[in-house]
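Visitor: Predicted model, plus sequence, below.
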Amino acid sequence: MTQISATGLTSPEQATLTTIVDQIESRREYNERREAYYEGSKRVRQLGIAIPPKLADVATVVGWPGMAVDVLEERLDLEGFSLPDGDVDGLELDQVWADNRLEDESGQAHLPTLMHGISFVTVSAGVEADGEPPVLVTVEPPTRMSGVWDTRARRLSSAASVQWDKEAGRYTAATLYLADQTIFMEAPAGGGMLRVVDRRKHGLGRPLVVPLVNRPRVGRPWGRSEISRAIMSYTDSAVRTLLGMEIHREYYSSPQLALMGVAEEAFVNSDGSAKTAWEVYLGRVLALTRDEDGELPQVQQLSAGSPAPYLEQVRGLANLVAGEAAIPASYLGFVTDNPSSADAIRVSEARLVKRAERRQRIFGSAWCEVMRMALLVRDGAIPPEARSLVARWRDAATPTRAAQADAVMKLVSAGVLPANSEVTYELLGYDRTTINRLAAEARKIRTEQMLNGLLSQPGPDEQVSALTARGAADVDDAE
């Protein structure tokens, strides 16, 4: 790609933009390769031993890399945020959540994070004239965005995103995120150099970008992909094995014949041309004559080869992928006739559940930082209580609804949980809309009970009559 530059930038700003774009380009091959494996579009290099060159381009796809990502992403459902005292309504985060459709967008952020090892969430003030919400939260993949990591502060010191037009071979837009401002750049529609079109100064002391990192470790803050080198290697082997099975089917699925004592004329057509190999393989030679000694040829049928060795090899590779990705082998398509018991399913998913819980903790910290940054953009400050904000996730395990309801009812019966608490509804797996409806219904019932209690009490006149009657009764008793 061409060197990026933009008019209207200062020398330090241009140097920062160039450095970050160079990082994006240096990781492009890594990211595109993982994406190709995820999509199943990666062409596997053949060894050139057992596969004829003319059949090497037969398309065979194994979706294990995509499954390793999707199975984990499906257990990462962000449902909202909470505070230790439970009162998060005062922060009005639900409006930010709804305006940016984060119930869906959060999953779209987790997917590239697991695929590439990292993605980025940006926060900015929306432009009301363009119909944007007050706070705009967007997700950027690492194929378009990167940044400079501040190890001491444990956050980005700067970041940039770019838009590249592959057909035109040029940058069409870029955004530079600095500690005090966000700079927007665009190229003219007809082509040309990028130019600064807007500077939005916020003075918040940090770029408005939060990275979502998968499996970070000391010395590797950018994380790593769930599509590891081992999974890619096992996938390549499985693709070659299935391709071998396809070729085996084409050549050896028809019974082969062993002909002994057959004259050469048996393989020649009436016009003197030789019969094709397919005519011989597929049994087109239906009649054979005696040889020059008057002997009949000997014909033996050879049994076709079984595809079982190929399937066993694929099964072994599937077990290796299951161990590397921490998913049950049954997820990869190999199941037994006897269904697994509930306990066996829980044991087989133990590592997957634990891995999902780890991701929930790491991603949850990042999403809480996004929400605090949204408050900073919207209100100009972060309330003290927002420092204790925690993300609320759906249970990463797969308990049945009956088992989950039974466990919650036991806690309610023991007095650990109140019957009409939002926490109880969350543990039962209800979504936010259902929880709000149940809470409103509970308030309605309590209000009706209070009104019925008040109406059942005697009025003032009835109370005076009751007191008069009671006094008269006391006089009669005294006489």
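Guide: Received it, and whenever you're ready, just let me know what you need.
Visitor: gap between the helix ranked longest in the chain and the chain center?
Guide: Identified as the longest helix of the chain according to DSSP state H is helix 350-379. Chain-centre distance of helix 350-379: 14 Å, with C-alpha atoms, centre = their mean, to the nearest Å.
Visitor: And stretch 32-42, by the same measure?
Guide: Here the centre of stretch 32-42 is set off from its chain's centre by 15 Å, with C-alpha atoms, centre = their mean.
Visitor: Can you give me the buried ones in it?
Guide: If you call a residue buried by 16 or more other C-beta atoms under 10 Å, then stretch 32-42 has these buried ones: Arg34, Glu35, Tyr37, Tyr38, Gly40, Lys42. (Glycine included, C-beta is placed from N, CA and C.)
Visitor: roughly how far apart are the fifth one and Ala325?
Guide: Distance from Gly40 to Ala325, counting by C-beta to C-beta, to the nearest Å: 16 Å.
Visitor: host element of Tyr30?
Guide: Per DSSP states H and E, Tyr30 falls inside helix 28-39.
Visitor: residue ranges with poor pLDDT in the stretch 1-150 of the chain?
Guide: 1-2, 43-59, 86-87 (pLDDT under 70).
Visitor: mind listing the strands for it?
Guide: Taking DSSP state E, counting those that start in this stretch as the test, the strands found in the stretch 1-150 of the chain are 6-7, 78-82, 118-125, 135-140, 145-150.
Visitor: Pick the most deeply packed of these.
Guide: strand 118-125 (a mean of 24; mean count of other C-beta atoms under 10 Å).
Visitor: so it versus strand 135-140, what angle?
Guide: Here the directions of strand 118-125 and strand 135-140 differ by 160 degrees (axes from the mean of the first three to the mean of the last three C-alpha atoms, to 10 degrees).
Visitor: can you list the strands of the stretch 1-150 of the chain in JSON lines and add distance to Gly333?
Guide: Output for the strands of the stretch 1-150 of the chain, formatted as JSON lines (distance: least, C-beta to C-beta, whole Å):
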{"stretch": "strand 6-7", "distance to Gly333": "50"}
{"stretch": "strand 78-82", "distance to Gly333": "29"}
{"stretch": "strand 118-125", "distance to Gly333": "29"}
{"stretch": "strand 135-140", "distance to Gly333": "31"}
{"stretch": "strand 145-150", "distance to Gly333": "36"}
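Visitor: Out of those strands, the one nearest His248 is which?
Guide: Across those, His248 has its closest neighbour in strand 118-125 (42.0 Å, C-beta to C-beta).
Visitor: before we move on, the earlier item: out of the strands of the stretch 1-150 of the chain, the one nearest Arg224 is which?
Guide: strand 118-125 (9.0 Å).
Visitor: quick one: strands adjacent to the closest one?
Guide: strand 135-140 (antiparallel), strand 209-213 (antiparallel) (DSSP bridges).
Visitor: residues making contact with the shortest one?
Guide: Spelled out, that is strand 209-213. When contacts are defined by C-beta atoms under 8 Å, 6 or more residues apart in numbering, strand 209-213 is touched by residues 109-110, 113, 117-123, 145, 147, 155-156, 159, 177, 221-223, 362-363, 366, 369-370, 373.
Visitor: cool, and stretch 427-436?
Guide: Outside stretch 427-436, the residues that touch it by C-beta under 8 Å, 6+ apart are 79-80, 394-395, 401, 404-405, 407-408, 411, 417, 422, 425-426, 438.
Visitor: Pick out the lowest-pLDDT one from those.
Guide: Lowest pLDDT among these: Arg401, with 65.
Visitor: In the stretch 301-450 of the chain, where is pLDDT below threshold?
Guide: Scanning the stretch 301-450 of the chain for pLDDT under 70 picks out 301-305, 336-340, 342, 398-403, 431-432.
Visitor: hey, where'd the helices end up in it?
Guide: Ranges of helices in the stretch 301-450 of the chain, per DSSP state H, counting those that start in this stretch, are 308-325, 342-348, 350-379, 401-413, 422-427, 432-456.
Visitor: which of the buried residues of stretch 32-42 lies closest to Asp104?
Guide: Using C-beta to C-beta, Tyr38 is the member of the buried residues of stretch 32-42 that lies nearest Asp104, at 19.4 Å.
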